[in-house]
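Engineer: Generate a structure from the sequence data that follows.
(one chain, ligands or ions: 1)
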Amino acid sequence: MFEANSDYLKLPGSYLFSTVAKKTNAYIAAHPDAKIIRMGIGDVTQPLPPAVIKALHKAVDEMGCAETFRGYAPDLGYEFLRKAIAENDYRARGCNIADDEVFISDGAKSDSGNIQEIFERDNVIAVTDPVYPVYVDSNVMAGRTGEYDAKTEKWSNVVYMPCTAENGFCPAFPERTPDVIYICSPNNPTGMALTKDQLQAWVDYANKNGAVIIFDSAYEAYIHDDNVPHSVFECDGSRTCAIEIKSFSKNAGFTGLRLGATIIPKELKDKDGHDLYSLWARRHGTKYNGAPYIVQRAGEACYTDEGKKEIKEMVGRYMHNAGFIKDSLAGMGYEVYGGVNSPYIWLKAPNGMTSWEFFDLLLDRAHVVGTPGSGFGPSGEHYFRLTSFGTYENSVEAMERIRKI
Ligand SMILES: *Cc1c(COP(=O)(O)O)cnc(C)c1O
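Structural biologist: So this is what the prediction gives:
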């Protein structure tokens with residue numbers, strides 16, 4: 001039996017954001033006049049697009065009218081939204097995805113945390129290192145741990161695939177063959193995106209080894225380069241080895257509204273022959289009662305011409321910040337990554353400093369809060385994450401202060 005007070009608390013990710021908050025609050029208490037600029041959070045700041053607000057208002061009014069009131073949503077999502085997603089995000093890009101292969105949810109965090117439920121407990125999980133902590137924590141909490149090695153702080157059933165500047169932040173195939181592989185591209189936290197060839201190589205590897213790729217496309221809207229795929233389903237053979245998890249948070253600003261989707265091809269099986277489509281449909285229908293009607297209408301509005309245009313503008317503003325931050329830091333001599341197909345800038349702490357030493361330095365000397373790379377996994381040590389989700393003014397001010405350190 002898994003002990004709630006022990007194993008999963010050993011994860012590097014589990015302390016990260018609470019430690020950042022604790023240190024920041026202690027600093028503010030000691031320096032009440034310091035004007036802190038927060039570049040650590042992975043949350044958007046711009047308000048929802050007008051097309052979304054309009055759709056919300058309309059749907060709210062429908063709910064107050066006897067003829068158009070809706071009760072429980074269909075388990076797997078309203079047809080109008082499943083169709084809009086399948087058509088715009090997949091078929092328009094040449095991906096063969098049917099409407100009923102799209103499962104609507106309340107977001108990519110829950111889906112990426114829950115998806116492990118449809119895999120066998122003894123499955124070996126591969127994650128990139130650094131990693132979005134949810135992938136590791138959810139598997140460890142489910143008991144998919146094997147042996148814990150205190151020296152390396154690793155579990156035998158969780159395989160870490162280091163991503164550093166040395167391999168261009170693209171993981172190499174692990175020595176031990178995994179059953180489930182989590183890939184997030186464009187990546188949180190490194191900001192790097194896999195090219196079509198790189199992702200195709202992973203799809204081929206998964207098919208050859210009977211593994212399943214869980215592809216997190218939360219930052220798809222930030223892709224700028226033509227050779228970076230927006231979906232794993234752009235790769236040949238992906239229908240027999242991949243699941244994709246989508247979010248409306250970082251593109252359309254739904255972090256507080258909550259909406260996401262998971263795409264599972266009907267023929268997808270794990271290595272034991274389990275039908276993953278049916279398992280997820282059953283899991284979803286049993287433990288979840290659907291995203292709210294009004295929110296699903298808001299999601300549909302993202303695919304109207306007006307919605308698409310407004311989202312593009314919003315993402316463009318964040319990317320303007322990202323480019324500015326990246327160029328400024330590079331100009332100061334920092335080693336910088338990301339910021340081109342991603343709102344995240346991943347930099348190397350100068351002079352061999354650890355991630356936390358650099359955190360303290362930025363907080364103390366520039367009053368800028370970022371996120372220490374080591375919190376995302378051992379290979380994140382000596383790296384640091386800044387986000388472009390703030391305002392342009394704050395991004396400019398932060399760079400001015402960092403320049404003066
Ligand atoms: C922000 C983020 C999510 C969370 O998305 P929600 O839809 O808001 O739950 C998922 N995956 C990654 C990698 C993220 O950074």
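Engineer: Can you name the residues of this structure sitting close to the ligand?
Structural biologist: 42, 107-109, 112, 132, 184, 188, 216, 218, 247, 249-250, 255, 260 (Cβ under 6 Å from any ligand atom). C-beta: built from backbone N, CA, C; applies to glycine.
Engineer: packing partners for the one helix or strand residue 328 maps to?
Structural biologist: Residue 328 belongs to helix 305-331 when elements are defined using DSSP states H and E. The contact analysis (3 or more Cβ pairs under 8 Å, 6 or more residues apart in numbering; DSSP states H and E) places helix 305-331 against helix 50-63, helix 249-252, strand 336-338, strand 344-348, helix 392-403.
Engineer: Give the buried residues for it.
Structural biologist: Neighbour counts over helix 305-331 (16 or more other Cβ atoms under 10 Å) mark 307-308, 310-311, 314-315, 318-319, 321-326, 328-329 as buried.
Engineer: picking up where we left off before, okay if I get the helices and strands packed on helix 305-331 as JSON lines plus distance to residue 224 and mean neighbour count?
Structural biologist: Formatted as JSON lines, the helices and strands packed on helix 305-331 follow (distance: least, Cβ to Cβ, whole Å; neighbours: other Cβ atoms under 10 Å):
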{"stretch": "helix 50-63", "distance to residue 224": "23", "mean neighbour count": "17"}
{"stretch": "helix 249-252", "distance to residue 224": "14", "mean neighbour count": "24"}
{"stretch": "strand 336-338", "distance to residue 224": "12", "mean neighbour count": "23"}
{"stretch": "strand 344-348", "distance to residue 224": "13", "mean neighbour count": "26"}
{"stretch": "helix 392-403", "distance to residue 224": "18", "mean neighbour count": "17"}
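Engineer: Now tabulate those in TSV and tack on mean pLDDT.
Structural biologist: Below are these laid out as TSV (pLDDT from 0 to 100):
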stretch	mean pLDDT
helix 50-63	98
helix 249-252	98
strand 336-338	98
strand 344-348	98
helix 392-403	98
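Engineer: nearest to residue 124, of the ones you listed?
Structural biologist: strand 344-348 (27.2 Å; Cβ to Cβ).
Engineer: what's next to the closest one, contact-wise?
Structural biologist: With contact meaning Cβ atoms under 8 Å, 6 or more residues apart in numbering, strand 344-348 is reached by 165, 169, 186-192, 322, 325-326, 329, 334-339, 373, 382-388.
Engineer: what angle sits between that strand and helix 305-331?
Structural biologist: 10 degrees (axes from the mean of the first three to the mean of the last three Cα atoms, to 10 degrees).
Engineer: Following strand 344-348 in sequence, what is the next regular element?
Structural biologist: Downstream of strand 344-348 (by DSSP H and E), the next one is helix 355-366.
Engineer: Which of the three states applies to residue 128?
Structural biologist: strand (DSSP: H, G, I helix; E, B strand; the rest coil).
Engineer: Could I get the pLDDT score of it?
Structural biologist: In this model, residue 128 is scored at 96, pLDDT.
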